[in-house]
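1. With the sequence up front, the predicted model follows.
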Amino acid sequence: MDVKIILFLLSTGFFTSCEAKELSTKTEVVMKQKEIIELVNSNNIDAVKEAIENGVNVNTQDKNKRNLLLLATINQQEAMAKLLVDKGADVNMQANNQDSPFLYAGASGQTELVRLFLANGARFDIFNRYHGSALIPACERGHVETVQLLVSTKGYPIDHVNRLGWTGLMEAIVLGNGTKKYQQIVQILKDGGANLQIPDHNGVTPRQHAQNRGFNEIVKILSDSE
């Protein structure tokens, strides 16, 4: 029921006193949740801190099930994200589209937030809507520093294959443009122990894709391992 309708019905005495009290409490919670979402989106750190300390849920979600930390990550609000994590925000909570703060930070190349989330319980077995990890889109989009951090993280699944049949290495080649940053990413993956032979669903290897695209420097990096 819409908040305004509830308030109107409360004012007209439509509900019993017990029902009114319960609805009033629920309405207050909804209003506080809406307020804190607006405060996060406007990057009002002091007000968000005060609201949480006064009992507003740090994992409040919007209509798309994006928690406050995911909203701060989407908005690239590093200080806000740090506050929310400090207050206990869930770095793995997924929205309707399966984004989580950790997955989104990786995909968008926000290395400091990736580092923060890794230090605060980021899970490696939660995947995006393509069944991809934080690393795979980071490779695709050329986020060199983020790739370096994830590859160097103990236990991180650098050879994870998404629903398309691609690893991070494959996406760096198939969806990259062969420029310096993609060459660096391929080198980082190679140095990090990635399996360079995992083919796509059609049996085409990363090296073959690089050859087909004329990415000679990447071909050389991959060939040097043979």
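-> Received the coordinates, thanks.
2. Show me what counts as buried in stretch 178-196.
-> By neighbour count on 16 or more other Cβ atoms under 10 Å, the buried set for stretch 178-196 is 178, 181-190, 192, 194, 196. (C-beta placed from N, C-alpha, C; glycine too.)
3. now, the most widely separated pair of these?
-> The distance between the two most remote of these (Cβ to Cβ) is 20.0 Å, for Gly178 and Gly192.
4. Quickly list the domain ranges of the protein.
-> Using automatic domain parsing, the domain parsing of the chain gives 1-129, 133-226.
5. Which stretch among those is buried most, on average?
-> domain 133-226 (a mean of 19; mean count of other Cβ atoms under 10 Å).
6. how far out from the middle of the chain is that one?
-> Its chain's C-alpha centre and that of domain 133-226 lie 20 Å apart, by Cα atoms, centre = their mean, to the nearest Å.
7. can you map out the helices along this protein?
-> 3-12, 17-41, 45-53, 68-74, 78-86, 101-107, 111-118, 135-140, 144-151, 168-174, 180-191, 206-213, 216-223 (DSSP state H).
8. Can you tell me which of those helices is nearest to Asp125?
-> Among the helices of the chain, helix 101-107 comes nearest to Asp125, with 11.5 Å by Cβ to Cβ.
9. Go ahead and measure how far the closest one is from the middle of the chain.
-> With Cα atoms, centre = their mean, you get 2 Å for helix 101-107.
10. now what about it, what contacts it?
-> For helix 101-107, the surrounding residues in contact (Cβ atoms under 8 Å, 6 or more residues apart in numbering) are 67, 69-70, 72-74, 81, 89-94, 113-114, 117-118, 122-123, 126-128, 133-135, 137-138, 141, 143, 146, 150.
11. Now that helix: average pLDDT?
-> Helix 101-107 shows an average pLDDT of 98 in the prediction.
12. Report the separation between the one residue sitting closest to the centre of the chain and Gln110.
-> Closest to where the C-alpha atoms of the chain average out (Cα atoms, centre = their mean) is Tyr104, at 2.1 Å. Using Cβ to Cβ, to the nearest Å, Tyr104 is found at 8 Å from Gln110.
13. what about Gln208, distance to Asn202?
-> Distance from Gln208 to Asn202, by Cβ to Cβ: 10 Å.
14. Need the overlap of contacts for Tyr104 and Gln110.
-> Residues touching both Tyr104 and Gln110 (Cβ under 8 Å, 6+ apart): Thr73.
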